[in-house]
Structure formats: structure tokens, C-alpha cells
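> Any chance you could fold what I've pasted below:
(4 chains)
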Number of protein chains: 2
Amino acid sequence: MNEKFFSLPKEKQEAIINAGFCVFSQNSYKKSPMSEIAAAAGISKSLLFHYFHNKKELYLFLWETCARITINALDESGCYLQTDLFETLYKGMRAKIQLMRRYPGLGAFAMKVYYEKDPAVCADVQKSIEKLASYKINATLLNFTPEQFVPGLDLEMMYQNMYWATEGYLWEKFQQDSLDADEIERDFLKMIDFWKSVYARKEPL
Amino acid sequence: MNEKFFSLPKEKQEAIINAGFCVFSQNSYKKSPMSEIAAAAGISKSLLFHYFHNKKELYLFLWETCARITINALDESGCYLQTDLFETLYKGMRAKIQLMRRYPGLGAFAMKVYYEKDPAVCADVQKSIEKLASYKINATLLNFTPEQFVPGLDLEMMYQNMYWATEGYLWEKFQQDSLDADEIERDFLKMIDFWKSVYARKEPL
DNA sequence: CCTTCTTTAACCGCATCGGTTAATTACCAT
DNA sequence: ATGGTAATTAACCGATGCGGTTAAAGAAGG
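As a prediction, this is how the structure comes out:
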């Protein structure tokens, strides 16, 4: 790719990145036209081809960028350092909301990339996914002791349930074209409070 | 549309319907080619145009079919007649799984239709959606008494959480191309049991 | 063999695609 | 202003894919 892209003003860089996330997340790779991405970014198709020599190069760049952004956000959120599960959720949620606000299409794009089957890009993507495999989410639960929760609770089921509920909620919200980050934050706080009221041990040890 | 379609053997009718659900659920209306639908249904493009005179007609037919199938399935499931919430969930879930098994793309198609913005079909779809508005899901909770659950539980939050968790779970599963209905049924049963263990009142009244 | 119905291959005109070229604009030091 | 350089775009190209049509091949029955 053309390194001049990085000397562009940051807003313009992000406009292009977000346009790419948006278009590639809503269509398959093959049916995501460069012209549509350029239009969404507010530039001409020619200029887009000036920074990225072809479609595949842009796609792979977006995928790497997506992975890097996500990893950075999780690291910086501090959610891994917590010992209280609900605090972890809150920190992780705040990180996710901030990410959504800044890169609205990132989440859906990551999903699409993961399940993209087009042989033009599939192989190259799989290679870089393997590199990321070390960042497992599943290990999250290991830091917490059962004493924090109501006795007899199936911790793994609890965690999966919370995860799916947030995914289902976000999926519902994502469908609407105007997503209100403040509303989402409020809803999430309510949700976490609810989980606390249901799952957390009430009596002192 | 050509009424001869209905005198086709049922398997062939469903093959065409499923092909339509599948293709229209994965692309926008505009980017869903008739040729791809025909290929997925195992027939030629010409034959597809023989039964449906143009793309819009097929699309609207699929949407009406989708709505009719869903309503029938819910009515026949008997889930509305239950007084035990978890029994209701189980019955509703079984109905949904059977639907998924028979029409794998139906759920995702309904979503796509609902949020489709293409002016070529948007207006016509909205009209028929309004007719369906009487079938509200939200009323489900009204049939149940708080005494069945642990004291102090926020019933609305509980219900929303369960709903979002199922949506999140299904969304996750839907991404994979081969969805195993048996596995999903097993997972759902586990989920419902978990909810019962968490939300249901344990001590006799 | 003739008729009728089902199914398809081949085609048409048009739009769109990825990508290139050449020209236009904006900027900036002189 | 002026000349040079870098940012940006309009116009274009060959190829492909689109919705839809036409004419002909296949299949079935008498």
C-alpha cells in the first residue's frame, strides 16, 4: 500500500477505514465495490486506488487494522486486571462502547471476515487469524472464585449467558441505522446490575 | 406470479423458497441475483423467471410466505397456552428449531427484509408488516405470576435477558454455514435448565 | 408421430465492476 | 503572478454480471 496514507489527517484516515468496515461488513467481499467505499468515505474512487493498489490490499489492511484496534482497546481498558467479575464486565463494556462509537462497523466487519469464504482472500486471512489465537477470551473466567457468587451456580453457563445476552442486545441495536451510544451504555449498566442482583452472593461469607 | 408454481412437488417448492431465503438473507435486495437463487434451488434461471415474472414479485412472495410460515408455526406450537414460563420457552424453542430445520434461512431473511432500505421494495414490505403488527411477542410475560420466581426478581429484565441470550446464541450459530439443529436443541435445553435453576422459586409456597 | 407442458441454452441491452490514464485542482516556495 | 509538485478527480477501458426474453430442446401422454 501507499505509505502516504498514514500522513493523511487522522480524521480522513478513520473516515476511509470506517467506510471500509461499513461496506465490507454489509456485503460479501466480492460484492463490496471500491466505488461504494470511496463514496462512503467522501473521496473519489481514484484516490482510494491511489492509497490502496487493489481491493484485496485494502481488505487485508482493514482486517489487520481491525485486529490491532481491538487488541489495543482491550489491553487499555484494564478489564483483564479486575478480580470482581461485574467490574470486569463494566470495564470491558465501556471499552466496547468506545470502540463502537469510534469505529461503528468494526464488530460486524470482524464477524464477516471470520466467516468469509471467498478464495481470493480466505487463505490470507486465516493465516493472520492464527496469529491472534493467543488472545483467548475464554480464559477470562479463571480469575474468579466461586465464593463471589450464589452457591451452586453453574459459572460457565452464567458467563455464556451473559455473553450471548450482550451479543443479542448489540445485534438488535446494530440493525437500527442510528445507534445511540449513551442509550447503549445505560442499558448495559441496567443489565449488569440485574446480573449482580441475580448471580452475586448476597450473604457475607 | 405463475400459479403453476403451487402444483410443483412440495420438495421443489421448498427448494426454491429456501434458496430465496438463503440468498436474500445474505445479500441486500439489489445484490441478490436471480441466477444465484436459481442455482441454489437446482433449477435454471429461465425456469425461475417462468414461475415469478420478475425479481420483486419473487421477493414479496418470499416475504409473505415467511410471515405465514412463522405465524402458523407459533400458533401450532401451543406455546401461547402455557402457564409455566419455562414450558413456554421450551415449546417456543422447539417450534423455532423445527422451523430452522425446514427453512434454514427464514430467520435471517425476516431480519433482512425488516431492515431493507431499497426503495424498490421497501414501501411494499412496510405495508404488509403493519398487518402483522397485531402479533406482538411482548405480551407473553403477562400470563405469569411472580410467585413462580425467586422473590424480588425483575421479571422484565429476566425476560429481556433470556430473549437476548437466545438471539445472541442463534446469531453466533447462524454465522457458521452448517447449522446442526440437534446441537442447538441440546444447547437450548441446557440454557433453559440453567434459567430454571437461577430464576425459579425453589422453596414451596 | 403429434401435441402439450416443462425446462433450458443462448442471447440482448444495460449497468457495474476493478483498475488505469490523463487532466485538474490545491498548495507553496520563489 | 509563476512554476513546480503533490493531492485529487473525471473520463475512460475491457470484462463481467445483471434482469429479463426468445426460441428451441426434452419429457410425457395418447
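
> tell me which parts of chain A are close to DNA strand C?
A:32, A:33, A:34, A:35, A:36, A:45, A:46, A:49, A:53, A:54, A:55, A:56 (Cβ under 7 Å from any atom of the strand). (Each C-beta comes from the backbone N, C-alpha and C, glycine too.)

> again, 6 Å this time
A:33, A:34, A:35, A:36, A:45, A:46, A:49, A:54, A:55 (Cβ under 6 Å from any atom of the strand).

> quick one: contacts for the first one?
For residue A:33, the contacting residues are residue A:23, taking Cβ atoms under 8 Å, 6 or more residues apart in numbering or on different chains as the criterion.

> repeat that with 10 Å
Residue A:33 sits next to A:23, A:27, A:39, A:45, A:55, B:31 when contact means Cβ atoms under 10 Å, 6 or more residues apart in numbering or on different chains.

> all helices for chain A, in order.
Per DSSP state H, chain A carries helices over the ranges A:10-26, A:34-41, A:45-51, A:55-77, A:85-102, A:106-115, A:122-132, A:155-175, A:181-199.

> Tell me the one of the residues of chain A next to DNA strand C nearest chain B?
Among the residues of chain A next to DNA strand C, residue A:33 lies closest to chain B (Cβ to the nearest Cβ), at 9.6 Å.

> Distance check, the residue nearest to the spatial centre of chain A against DNA strand C.
The residue lying closest to the centre of chain A (Cα atoms, centre = their mean) is residue A:107, at 3.6 Å. Distance of residue A:107 to DNA strand C, given as Cβ to the nearest atom of the strand, to the nearest Å: 23 Å.

> so which of the residues of chain A next to DNA strand C comes closest to residue B:127?
Using Cβ to Cβ, residue A:36 is the member of the residues of chain A next to DNA strand C that lies nearest residue B:127, at 28.7 Å.

> That closest one: how many residues sit nearby?
Counted with other Cβ atoms under 10 Å in any protein chain shown, the neighbours of residue A:36 add up to 17.

> can you pull the contacts of it?
Contacts for residue A:36 (Cβ under 10 Å, 6+ apart) come out as A:19, A:22, A:23, A:24, A:26, A:27, A:45.

> And for residue A:13?
If you count contacts by Cβ under 10 Å, 6+ apart, then residue A:13 has A:5, A:6, A:7, A:41, A:51, A:65 around it.

> Check residue A:184 too.
Taking Cβ under 10 Å, 6+ apart as the test, what residue A:184 contacts is A:93, A:96, A:97, A:100, A:101, A:169, A:170, A:173.

> Drop anything exposed from those.
Among the contacts of residue A:184, the ones that count as buried by 16 or more other Cβ atoms under 10 Å in any protein chain shown are A:93, A:96, A:97, A:100, A:169, A:170, A:173.

> From those residues, pick the one nearest residue A:71.
The nearest member of the buried ones among the contacts of residue A:184 to residue A:71, counting by Cβ to Cβ, is residue A:96 at 13.2 Å.

> residues in contact with residue A:48?
Applying Cβ under 10 Å, 6+ apart, the residues near residue A:48 are A:16, A:19, A:20, A:34, A:35, A:37, A:38, A:39, A:41, A:55, A:58.

> Can you check the pLDDT for the third one?
What that stands for is residue A:20. For residue A:20, the pLDDT comes out at 98.

> Not including adjacent chain positions, what is the nearest residue to it?
residue A:62 (4.5 Å; Cβ to Cβ, 6 or more residues apart in numbering or on different chains).

> swap in the last one?
Of all residues beyond its chain neighbours, the one nearest residue A:58 is residue A:52 (3.9 Å), with distances taken as Cβ to Cβ, 6+ apart.

> can you tell if stretch A:153-170 touches chain B?
Yes - part of stretch A:153-170 sits near chain B under the criterion Cβ under 10 Å from any Cβ of the partner chain, namely A:153-154, A:156-158, A:160-170.
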